[in-house]
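Asks: Sequence first, then the predicted structure, then my questions.
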Amino acid sequence: MRFYLLLTVCVFTATAAAQSYCDPQWEYEKDGECCLLCDRGKKMLPQSACKAPVCEPCDKNEYMDKNTNSSKCLRQPYCDPNKNFQIAIHDRTKRTTCLCKVGFHCSSVECITCIQHTKCGPGSGVQTKGDQTHDTVCQQCPDGTFSNESSSDTACQKWSECDSRHEEVEKTGTKTSDTTCVKKHRGHIISIVVVAILVAIALSAGFACYICKKKSRYMEMKAKACTGCQETEGITQAEPWAEPGAEPGALQERSTPVENEDEESMVDHGVTENGNVLTQEYGKMEILSRQESQTQESCSM
């Protein structure tokens, strides 16, 4: 029994000594000797010597994520854009993780393909945005908020608050529409009243000017008419026997009586059937027209 126990201890000690002989991060054991490894992103060619390995970079679509003595690199996964993956940029030192396009997430844990995020419709908004592995989480818009579009990244928006001094609520918001604010009408009414007063004043002033001008013109015409009447009356009194086209001297000569002649030499002798007055001057009978007889009467008055 003691023999088997001693044998076991010896084997364990020898194994531990052999393992601790080479550094596993930089070396590997070959034929009882610790040989150097190739760095990450490279592979070791078969003809490599133990202490001077020949290392070569991995190909474009390959990788090696640890120090190795392998002659082959690992293959990178193919991120198919037809399955809504982004175009991958490979690194030779690590395995590439295929990422979904913006607005898409993996359809399963294995992420074989990507599907589009769910869009929250009007009346509901995004509670949690989707990412590479999870879909969008939607919620119904709470009171005081709204959403009027379908979106996979927009949350519910708060209703607009109307300015109590200058605005008033025309329509209260709903889950799908915002509050509608309008300007208060008081300012508009005051403006309209002021404009109406100014217009009325302007019209009144214009009408008054029009009346004054019309009255002034009427008075001027009346004054001219009175002046014409006075001039006509003066001519009639000075020249009562004027005939159309006669010279003033001739009229004066006719109307002046002969010296030492009696004023009663001109005597009326009645009226004709046509209304003309018969007069006799210096022994002669003369028929005066009604107009001339009326002129004489007016002048005598």
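Replies: Done, it's in.
Asks: Near the residue nearest to Glu161 when sequence neighbours are not counted, how many other residues are there?
Replies: Excluding its sequence neighbours, the residue lying closest to Glu161 (CB to CB, 6 or more residues apart in numbering) is Thr179, at 7.6 Å. Heads up, the C-betas are built off the backbone N, CA and C, glycines and all. When counting by other CB atoms under 10 Å, one arrives at 17 neighbours for Thr179.
Asks: now do Phe85
Replies: 20.
Asks: What residues are bridge-paired with it?
Replies: Residues in a beta bridge with Phe85, per DSSP bridges, are Cys100.
Asks: so when I look at Ala225, I'm seeing a helix, right?
Replies: Yes. Assessed by DSSP: H, G, I helix; E, B strand; the rest coil, Ala225 belongs to a helix.
Asks: Quick one: neighbours of it, just the number.
Replies: 9.
Asks: And Ile201, by the same measure?
Replies: Taking other CB under 10 Å as the definition, Ile201 ends up with a neighbour count of 10.
Asks: gap between it and Val194?
Replies: Separation of Ile201 from Val194 (CB to CB, to the nearest Å): 11 Å.
Asks: same deal with Val109?
Replies: Applying CB to CB to Val109 and Val194 gives a distance of 74 Å.
Asks: ok, these two, which is more surrounded?
Replies: Val194 (10 against 7).
Asks: Could I get the pLDDT score of the more buried one?
Replies: Note on Val194: pLDDT of 79.
Asks: A helix includes it, no?
Replies: Yes. Under three-state DSSP, Val194 falls within a helix.
Asks: That one and Leu203, how far apart?
Replies: Where Leu203 is concerned, Val194 sits at a distance of 15 Å (CB to CB).
Asks: so where's the chain shaky on pLDDT?
Replies: 1-20, 185-191, 226-301 (pLDDT under 70).
Asks: how about the helices in it?
Replies: 2-19, 186-238, 248-255, 290-300 (DSSP state H).
Asks: Mind listing residues that contact stretch 26-42?
Replies: For stretch 26-42, the surrounding residues in contact (CB atoms under 8 Å, 6 or more residues apart in numbering) are 18, 21-23, 44, 50-53, 55-58, 63-69, 73, 91-93.
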